[in-house]
Structures are given as C-alpha cells and as structure tokens.
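Student: this one's structure only:
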Ligand code: 5AD
Ligand code: SF4
C-alpha cells in the first residue's frame, strides 16, 4: 500500500499477471504522509468522536416526518432518484453536482469521444451542467490517451496551461477542480497526482460511474482516484448524451478492452480485459438514435469483430469460433455467445435508412458469415478497416499479431472477392523493435500491393508494461523511424490516389454532413467507403417528390457524380436527393 493513501481499498485480480497489480481504488485523504497530523488524519478515537458529533448534527438538520410523507406522495425528482445512495462519508447533497459547470476535453481515439459522452451522461444525472467555455468551468476533465508518448506529452503540456487557470482563479468563485480521465489515469495513476499537485481527480476507463463521488471528495480539497479495472463494466445502461443536435451520425460502443496483447500495445493494460455489451442494450441505443433521425451508426470497440455477448445462459452454446484462414490468437479459444455476425445482422435491421459501420476490427475475426452479411445488406457499408501494422512476417511475429504477410494478403483477396468494390483501410507502425530496411521495404510493398483507400500511419513509440518493453529493444533510431514513416505516407498517398480515382465518372450515394470547411458554397458528405465527398451546394430534384427542387440538408442522402479524386477526398456534382433504399450507384 502506498504510504500516502489513508484509504486504499479493493484489490481485484484481473487474471493476467501484469494486470493483477494495476487495479486499485483509492481516496487520497491526506496530502502528505510525513505530516500526518490529527487535523489531516485524526486518530481512530477522535475520528469516532467526531463522527458521532457529525452524525448527531446531521441527524438534527435532517428531514422531518412531514418531509417523508411529502416525498412518499410526490414522485422524487428524477435527478436525485437516479443517483445511487451516497457512501457513508458523503451526504446526498455533497454527491450532487450543485449546478457546477463541467468542461470536458477529449484526446485520442473515437472510443474516448464515446467515453466523454458516457462520463457526461453520468455527471448530468448527478446535477452538473456542461459548458463549452473553459473560463466558465468549475470542473475541467481531460479524457486522455496513452497509446503513444506524444499523446501523453500533449496532456502534460495542457496541464501546465490549466495550472495557471487554477492559480489565477478569484477567491470569490468555487475552487477550480481538474480531473484526468481515461487511459493516462489508468497507466500513470499516482504519478500524475504526485507530479501535478493541481490534479484533483483521477478516473480510469472503467470508473466513470464513480465520478460524482470522486468530485465530491475533491470538493473538500482532497485528491481522489479510482483506477480499478473491471471484468464486466460496459456502461450498457448509460446512454451517451447526443450533444450535437445537427449530427447525422453517432458512435455506439459495443465492447470494451482487448485480449489480443499485441506486443507494442498499451491498450490491454489501460482498458483491461475484453467484454461485450449485451446485444439488447446495443439495439435499444441504435433504435433511439434512429428515432432521433440519425442516419449513420458506427459500432465501436478495440476489437469489434471478436464481439461475444455471453450475458444470458442460453447464448452459451458450444459453437467454436471461426477465425480467418491462417490466423491465430494469443489467448485460449473462446466459446459460445452471440457473435459479431449476429449483432451486425440485428443492428442493420433496425432502420434500413441507417448506414452501419464498425471500427476497429482485428483481421483474425472475419468469418465468411460477416463478409456475406456486409455484401448482402444495403445499409452495411462496404468498408473494412484491416489493420496490418507491418508487411514483414518477421515483424508481425515480433508484434504477436497472429498472422503472416501471406495470410493477411490472402484475406485481402478473399474480402475483395466476397465484397466487390469494398473500400479498405489500415494501420501501420514504422520502426518497430528490430525492424530492418528489408522489413520496411516489405511494408512499402504491402502498401503497393493492397492499395488502401485510407491509412493511419504511426512511428513506433515504446510503452512501458507491454511485452515489447520487457522483451525487445527499441533499437530503430528516431530519425530512421521518421524517415520510414515519411516513406510509408508518400507511398500510401500515391496508392490511395490511384485507388480513389477508380471512382471518377461513377455516381455515388453520399450522406450529407454539412458545409465544407474550405468553402461556404460547397457541401461535404461521405460515400459508402467513408471517403469525404465535396460538391457545390446546388438545387436538385428529389426522387421521391418529382418536380420538387430542393437543396441538400445534413442527414440527406444524395447521388453525386464524381469528377475528381485525391488521396483523401473526392469531388463531384450533385444529381438528386434520394434514399438509401432507392439509390442506384453505378459503380
Ligand atoms: N506505437 C505506435 N503506434 C501504436 N499503435 C498502437 N500502439 C502503438 C505504439 N506503441 C497504433 C496501431 C494501432 C493504432 C490504434 O495505433 O497501429 O492499430
Ligand atoms: Fe492494441 Fe492489438 Fe488490442 Fe488493437 S488488437 S487494441 S493493437 S492489443
């Protein structure tokens, strides 16, 4: 136990060696152990005496019999009834947000954007207000990312800026509270509290339900942390709040954590074991989004296609898992449960006018049922993210990806045969431990061979706790990593431009998002392959109302004739407004 923690509870093993030691839940009740005094951490007797007096005075000031009668006849306000019972050291009033204004700032992946909405949904129910104005905030929460060193450095820099805001805060206002949420809280834990004394709250990715309590503790000037990882938290019952009323698309989290343990990746350590959200709760959220008029849903998770809903006994038949040909896993084969193909089928039936995407999958989990479904169903986008990470079998083995270059390429061919016209994207890491020039050339050649439509390319960043950190050497010099990364980017762009030019002359269905960022006379939307399409804002015919001339609005489906293509964007002109069902793309 860390000496600074007066209360440190709940140690829970998560089954893995390294993870067993990372889960802890603590309330830092004293600022400095060395100066433990009766005022900061009173003796047990004095604590008891104080608690008795405190209890008596709270009881005296508590509700009267009439109050109970009143609350029995009138329904409780939603706000307080939804907040769980307070822990014994807090009152319900302390647990509520008391209209404090929260400013949330998100870093990193889409999962963090979704987590931000989950955290907000929990705080809103607890009586907090949200502000988009930093100066107005009483609580600033940063939802953080640890995937690469650079991502963490950004947060440290931001904390320095916020420090000034905290120290300059006038005494007439309630003190500003600052919280670190997400992966960085999980990875660095007390290091953050020790390094940055101005941080009041730490909440790991599975601890957002505890935010009202953590903030209540912080109100009294103490630091509070919960970085306990869970085996089953999926926030299934927490519906994220749609904050952008004009949004056309939404992300729906279907699972959390990752069991793959790729040797370079920190995610299994910061987000814990893989667990899936029950299908029923996912469908409920998708239905709600459809009723709100949203036209696109992206199913979200670290490893979406290994989805497995085991929430009901009857789902646990012993059907074994079909991996893609030539792929293996780093974990013992799992059995039973409702799988990704089932979920995709159900989700796509909710609303035929709603586009369905998913990210991020692992190449190992693409059984034929999934490919068949993507091919058959009009509203499942023909777009697959297939993170390769490297084109060298030797490096892939060191990364523990569970496939060789050959197996990956065979899968690409199989996907292209099964889903003609499918758009492919990928992730690559340049300069992984032991990567030679020859390995790098292999990655360049894979980029040329597959010709992806989209790509996400990164320089390798060694992360503590990972297998690569313990077993391998980060031996590619920084300048070599960057040079190789530049080369990958150049090749990717050349190939993507060629791949996207195939669309020139075609008519494509585009979901309109709004005005283009670059020009107020242009609109912007996305095609089925998730590529940005820009076209002039012009009048057009509505196929369902012949003779009616309309202008496209966000959320409309329009047919666009593509006239030019670059590595990242398509351009064209709009032909008509249509529906997903009625649309007829011509290539
Ligand atoms: N260094 C660089 N890139 C990484 N990724 C994951 N871990 C690291 C790391 N340590 C990349 C992978 C992954 C994407 C989300 O981030 O390409 O697919
Ligand atoms: Fe990280 Fe690999 Fe899991 Fe993706 S699949 S989150 S890269 S461990």
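Tutor: Perfect, thanks for sending it. As the structure is a prediction and not an experimental result, all values here were calculated from the model. Numbers count the residues shown, from 1 in each chain. Ligands and ions are numbered 1, 2, ... in the order given.
Student: all contacts plus neighbour counts: C-alpha atoms, from now on.
Tutor: Fine.
Student: and for the residue in the stretch 251-400 of the chain positioned nearest to ligand 1, nearest residue in space, chain neighbours not counted?
Tutor: Taking CA to the nearest ligand atom as the measure, the point where the stretch 251-400 of the chain comes nearest ligand 1 is residue 265, at 4.2 Å. Excluding the flanking residues, the one nearest residue 265 by CA to CA, 6 or more residues apart in numbering is residue 466, at 6.2 Å.
Student: which pLDDT value goes with that neighbour?
Tutor: Per-residue confidence at residue 466 stands at 97 (pLDDT).
Student: cool, and residue 181?
Tutor: 98.
Student: what does residue 19 give?
Tutor: Reported pLDDT for residue 19: 25.
Student: what do you get for the one 5 residues further on?
Tutor: Per-residue pLDDT puts residue 24 at 32.
Student: heads up, I number from 26, so please use that
Tutor: Sure thing, new numbering starts at 26, so read that last one as residue 49.
Student: so who does residue 468 touch?
Tutor: Residues in contact with residue 468, defined by CA atoms under 8 Å, 6 or more residues apart in numbering, are 415-417, 513.
Student: before we move on, back to that, what's the local residue count around the residue nearest to residue 290?
Tutor: 20 (other CA atoms under 10 Å).
Student: that one touches residue 292, doesn't it?
Tutor: No. The pair residue 491 / residue 292 is not scored as a contact, 9.2 Å apart, by CA atoms under 8 Å.
Student: domain assignment for the protein?
Tutor: 117-251, 269-338+345-406, 411-428+439-527, 529-610 (the TED database).
Student: I figured residue 551 hits residue 560, correct?
Tutor: No. Counting by CA under 8 Å, residue 551 stays clear of residue 560, with 11.0 Å between them.
Student: got a list of what the spatially most central residue of the chain touches?
Tutor: The C-alpha lying nearest the average C-alpha coordinate of the chain belongs to residue 136 (CA atoms, centre = their mean; 0.4 Å). Applying CA under 8 Å, 6+ apart to residue 136 gives the contacts 278, 325-326.
Student: return the nearest residue of the stretch 326-475 of the chain with respect to ligand 1.
Tutor: Closest to ligand 1 within the stretch 326-475 of the chain is residue 452: 4.5 Å, counting by CA to the nearest ligand atom.
Student: that's a strand at that residue, yeah?
Tutor: Yes. Assessed by DSSP: H, G, I helix; E, B strand; the rest coil, residue 452 belongs to a strand.
Student: OK, contacts around it?
Tutor: 411-414, 480-483.
Student: selection in PyMOL covering whichever of these are buried, please.
Tutor: Those of those that count as buried under 16 or more other CA atoms under 10 Å are selected in PyMOL with:
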select buried, resi 411+412+413+414+480+482+483
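Student: reformat the contacts of residue 452 as JSON lines; add pLDDT and secondary structure.
Tutor: Output for the contacts of residue 452, formatted as JSON lines (pLDDT from 0 to 100; DSSP: H, G, I helix; E, B strand; the rest coil):
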{"residue": "411", "pLDDT": "97", "secondary structure": "coil"}
{"residue": "412", "pLDDT": "98", "secondary structure": "coil"}
{"residue": "413", "pLDDT": "98", "secondary structure": "coil"}
{"residue": "414", "pLDDT": "98", "secondary structure": "strand"}
{"residue": "480", "pLDDT": "96", "secondary structure": "strand"}
{"residue": "481", "pLDDT": "97", "secondary structure": "strand"}
{"residue": "482", "pLDDT": "98", "secondary structure": "strand"}
{"residue": "483", "pLDDT": "98", "secondary structure": "strand"}
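Student: which among the contacts of residue 452 are in contact with ligand 1?
Tutor: Residues of the contacts of residue 452 in contact with ligand 1 (CA under 6 Å from any ligand atom): 412, 414, 483.
Student: same list (these) but as TSV, adding distance to ligand 2.
Tutor: Output for the ones next to ligand 1 among the contacts of residue 452, formatted as TSV (distance: CA to the nearest ligand atom, whole Å):
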residue	distance to ligand 2
412	8
414	8
483	12
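Student: and which of those residues is nearest to residue 422?
Tutor: residue 414 (11.1 Å; CA to CA).
Student: ok, residue 390 touching residue 351?
Tutor: No. Proximity of residue 390 to residue 351 does not meet the contact threshold set by CA under 8 Å, at 11.1 Å.
Student: which of the two has more neighbours?
Tutor: Just comparing residue 390 and residue 351: by other CA under 10 Å the higher neighbour count belongs to residue 390, 22 against 14.
Student: now for the residue lying closest to that one once chain neighbours are set aside, how many residues are close by?
Tutor: Take residue 390 and drop its neighbours on the chain: the residue closest to it by CA to CA, 6+ apart is residue 348, 5.2 Å away. Using other CA under 10 Å, residue 348 is surrounded by 17 other residues.
Student: what sits against residue 348?
Tutor: Counted by CA under 8 Å, 6+ apart, residue 348 has contacts 389-392.
Student: near ligand 1, which residues of the stretch 126-275 of the chain?
Tutor: 172-173.
Student: no no, the chain
Tutor: 172-173, 289-290, 412, 414, 452-454, 483-488.
Student: now, of those, which are buried?
Tutor: 172-173, 289-290, 412, 414, 453-454, 483-488.
Student: which helix runs longest in this protein?
Tutor: The longest helix of the chain (DSSP state H) is helix 503-526.
Student: contact partners of that one?
Tutor: With contact meaning CA under 8 Å, 6+ apart, helix 503-526 is reached by 454-456, 465, 468-469, 472-473, 476-480, 482-485, 589-593, 595.
Student: give me the next element, helix or strand, following it.
Tutor: strand 532-540 (DSSP states H and E).
Student: what's in contact with the strand or helix carrying residue 182?
Tutor: Following DSSP H and E, one finds residue 182 within helix 174-192. Applying CA under 8 Å, 6+ apart, the contact partners of helix 174-192 are 132-133, 169-171, 200-202, 209, 221, 223, 486-488.
Student: how about stretch 330-347?
Tutor: Here stretch 330-347 has contacts from 279-280, 300-304, 358-365, 385-387, 390-392, using CA under 8 Å, 6+ apart.
Student: what is the end-to-end distance of it?
Tutor: This stretch, stretch 330-347, spans 11 Å end to end (CA to CA, to the nearest Å).
Student: look up how far residue 179 lies from residue 217.
Tutor: 14 Å.
Student: which of those two has more neighbours?
Tutor: More neighbours surround residue 217 than the other of residue 217 and residue 179, with 19 against 13 (other CA under 10 Å).
Student: which ones are touching that one?
Tutor: Contacts of residue 217 by CA under 8 Å, 6+ apart are 210, 224.
Student: pop out the phi and psi values for the residue of the stretch 76-225 of the chain found nearest ligand 2.
Tutor: For the stretch 76-225 of the chain and ligand 2, the shortest gap (CA to the nearest ligand atom) falls at residue 172, measuring 8.6 Å. The phi/psi pair for residue 172 (degrees, to the nearest 10) reads phi -60, psi -40.
Student: show the pLDDT at the closest residue in space to it that isn't next to it in sequence.
Tutor: The shortest distance from residue 172 to any residue other than its chain neighbours is 6.2 Å, reached at residue 291 (CA to CA, 6+ apart). Note for residue 291: predicted pLDDT of 97.
Student: what's the answer for residue 118, then?
Tutor: 73.
Student: same deal with residue 33?
Tutor: 26.
Student: any idea how far residue 242 lies from ligand 1?
Tutor: 34 Å (CA to the nearest ligand atom, to the nearest Å).
Student: buried stuff in stretch 254-262?
Tutor: Result for stretch 254-262 [16+ other CA under 10 Å]: buried residues 254-261.
Student: could you do stretch 413-420 as well?
Tutor: Buried, per 16+ other CA under 10 Å, within stretch 413-420: 413-418, 420.
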